[in-house]
Structures are given as C-alpha cells and as structure tokens.
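>>> Pasting the sequence and the predicted coordinates here, then a few questions.
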Amino acid sequence: MTIETTIDAVRAQVKAWKRSGQSVGFVPTMGYLHEGHGSLIEAARRENDKVVVSIFVNPMQFGPSEDLASYPRDLKKDSALCESLGVDLIFHPEPEEMYHPNFSSFVDMTVLTEELCGLSRPVHFRGVCTVVSKLFHIVQPDRAYFGQKDAQQLAVIRHMVEDLNMDLEIVGCPIIREEDGLAKSSRNTYLSPGEREAALVLSRSIALGQKMVEDGEQDAGRVIAAMKEMIEKEPMARIDYVKAVDGRTMQQITAVRRPMLVAIAVYIGSTRLIDNFIWE
Ligand code: AMP
C-alpha cells in the first residue's frame, strides 16, 4: 500500500493500473476510520482489482461555526486499518493541493439539497459535490462507495453523477452500528460518557419509526411526531430535524410511501449526529 499526497502521483498510478486493464474502486472519506468506512472498503475490495481510499477533511463542506478545526484525525491508525483491509493506495492531500489560491469553480445542486442537512448546513453540499467531483476526476474510479448513513449525500452524489454524465457506478452500503445501536461515526468521539448514553435516543427513535411503518402506519406525520416525542424526553438532546422525505427527491411527504427516507439530525450537547431509515 502506498500513501500519496499529490494529484500527479495518484494520476500516474491509476493510469498504470488502467493500462493493464485493472478496475479501480474508490472510497472517499474524511479519515478517523471506523467499521462503517471499513465496510465500504471491503465492498470495494470484493468488486475491484485495485482500491483507493481518500482521506481528506474537506474545508469547503464545513460552515464557519462548524467543527473543521476539531475534526478528529489519526493517519497512522487509518493507514493500519486500510493496510489490513487490502487497500492499494491512500490519497491524503493537503488542502492546498486540492484548492489552489485562485480556485473558483464549484458544483452546486438545487432541489435535492433544499431539505434536511442542506437546510441546516447551507454550504455543505456545494463543498461535498465540488470535492467529490474533483476526486472522481483525479482517481477516475470504475465504482465509488458511499454509506447509507449519509443518505442525503448518497442521493445527491447519485444525482450529480447522472446529471453530469460521470462515467462510474455509485454503490450504496448499509449503515454500520455499534452493538447498542448507535450509528458509527467519527464524530462519536466528541461524546462524553453521559452523552454517549444519551445518543442512543437517535437509533431508538429510528427503530421506533421503522417499526411503526412496518406495522402499517400510513401517516408520515404520526411517525415523525412519535419519534420527536421520544427524542424530546432525552434532556441532553436537541432536535435539528426529524423528517420524512421522498427517497428520490428529498422533498417532504405527509403520507407513507416508497421510497421514503426518514432522517434525523440531533444535537447531543454540542455534537450534531445523524441517523435514518429507508422504506423501499
Ligand atoms: P466520512 O468520513 O464521515 O465523510 O464518511 C465517509 C463515507 O463513509 C461516507 O460515504 C459515509 O456515508 C460512510 N460512513 C460513515 N459512517 C458510516 C456508517 N456507520 N455505516 C456505513 N457507512 C458509513
């Protein structure tokens, strides 16, 4: 496994692989890797000859009051995990390598980013679409792997690839959880022991909503109300949003139908966590 920090080096390596007819799977991440990222890497490993992982905390997708400076980083541990999972190349650029001083081109998406995290984090998806486009141009993968954990991001990326005729396959992978249900996230590291306990309210409310839908509830409003009521009982929790949206357009819906995405963002103390379930 090699760790590259420059775009030229990644390009040269990928070109050599492609010349010899090898397929490339790509897993974009912000590092501080856990089993959620690991599951994406494993899927890429199974389906491609070569696997590239990018580790880049992308400044452009963070708002001014968000956690860019404190975002956890541990390249040594990340490299060891990647090595053990058979990754061929880690791309770990500095921000200056990705954004030169005159950088001024952006990929902006409308409709799909108007709800959920797009509402609470106005610059977020512009940053995500721009960096993911750049990474696709650099790595030229045959397939790229994204987690259902960030369900809106997955929908946005799929849509961008279709809109802009990008020549690769997007593969969505299921949410990986801790044993007690909490969705794995690099941001879980911010939680104190008390907050870690309180954070279980996210997965519990997701399980509640999912059960209501499975049991035949037709009114999305009732599902959302029950989930909100559960979250509001947790004193450390503050709701950002709890919403049911169309799984394709990300627009709010009132009646349960497929595909539906029920997504939540909840602050536990000052840590913002997300979770969701899909009804397909
Ligand atoms: P991040 O490093 O948080 O930007 O995440 C990189 C990729 O890993 C994204 O496609 C995420 O959706 C995915 N991911 C993060 N956490 C999980 C999880 N618990 N289960 C599955 N995929 C995940």
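That came through fine. Numbering: from 1, shown residues only.

>>> does Glu178 really touch Lys184, like I thought?
Yes. Contact criterion CB atoms under 8 Å: Glu178 and Lys184 qualify, at 6.2 Å. Any C-beta I mention is one placed from the backbone N, CA and C, and that applies to glycine too.

>>> can you count the residues close to the residue in the stretch 51-200 of the chain that the ligand sits nearest to?
Nearest residue of the stretch 51-200 of the chain to the ligand (CB to the nearest ligand atom) works out as Gly147 at 2.2 Å. Counted by other CB atoms under 10 Å, the residues lying close to Gly147 total 22.

>>> Return the per-residue confidence for it.
Among the per-residue scores, Gly147 shows a pLDDT of 98.

>>> ditto for the one 5 residues further on
Each residue has a pLDDT score; the one for Gln152 is 98.

>>> helices and strands around the host helix or strand of it, which ones?
Element membership for Gln152 (DSSP states H and E) is helix 151-163. Applying 3 or more CB pairs under 8 Å, 6 or more residues apart in numbering; DSSP states H and E, we find helix 151-163 packed against helix 117-120, helix 124-139, strand 143-147, strand 169-173, strand 260-268.

>>> near the ligand, which residues of this protein?
Residues of the chain that fall close to the ligand, judged by CB under 6 Å from any ligand atom: 29-30, 36-37, 39-40, 146-147, 149-150, 173, 175-176, 183-186.

>>> Same question for stretch 135-149: list its buried residues.
Of all the residues in stretch 135-149, those buried under the rule 16 or more other CB atoms under 10 Å are 135-136, 138-149.

>>> got it, and stretch 19-36?
24-34, 36.

>>> Give me the subset of these lying in helices.
Taking DSSP state H as the definition of helices, those contribute Gly36.

>>> So which of the buried residues of stretch 19-36 are in strands?
Among the buried residues of stretch 19-36, DSSP state E puts 24-29 in strands.

>>> what's the distance between the closest residue to Phe146 other than its chain neighbours and Gly147?
Residue nearest to Phe146 in three dimensions, not counting chain neighbours: Leu154, with 4.7 Å by CB to CB, 6 or more residues apart in numbering. Taking CB to CB, to the nearest Å as the measure, Leu154 and Gly147 are separated by 7 Å.

>>> Common neighbours of these two, please.
Gly172 (CB atoms under 8 Å, 6 or more residues apart in numbering).

>>> got the contact list for Ala198?
Residues near Ala198 by CB under 8 Å, 6+ apart: 234-237, 268.

>>> Go through these and say which is closest to Thr130.
Of all the contacts of Ala198, Ile268 has the smallest distance to Thr130: 29.3 Å, by CB to CB.

>>> where does that closest one land on pLDDT?
98.

>>> That one against Asp240, yeah?
No. Using CB under 8 Å, Ile268 makes no contact with Asp240, being 10.9 Å away.

>>> if you count what's nearby, which of these two comes out ahead?
Each of Ile268 and Asp240 has its neighbours counted (other CB under 10 Å); Ile268 has more, 25 against 16.

>>> Let me know the distance separating the more buried one from Val242.
Relative to Val242, and taking CB to CB, Ile268 is found at 14 Å.

>>> same thing with Glu214?
18 Å.

>>> ok, these two, which is more surrounded?
Val242 (23 against 10).

>>> Make sure that one is indeed in a helix.
No. Applying DSSP: H, G, I helix; E, B strand; the rest coil, one finds Val242 to be strand, outside a helix.

>>> residues in contact with it?
With CB under 8 Å, 6+ apart, Val242 has these contacts: 205, 224, 227-228, 231, 262-264, 266.

>>> got it, and Ile264?
Counting by CB under 8 Å, 6+ apart, Ile264 has contacts 202, 205-206, 227, 231, 239-243, 274-276.

>>> Buried ones only from the residues you listed, please, as a ChimeraX command.
In ChimeraX, a selection of the buried entries from the contacts of Ile264 looks like this (16+ other CB under 10 Å):
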select :202,205,206,227,231,240,241,242,243,274,275,276
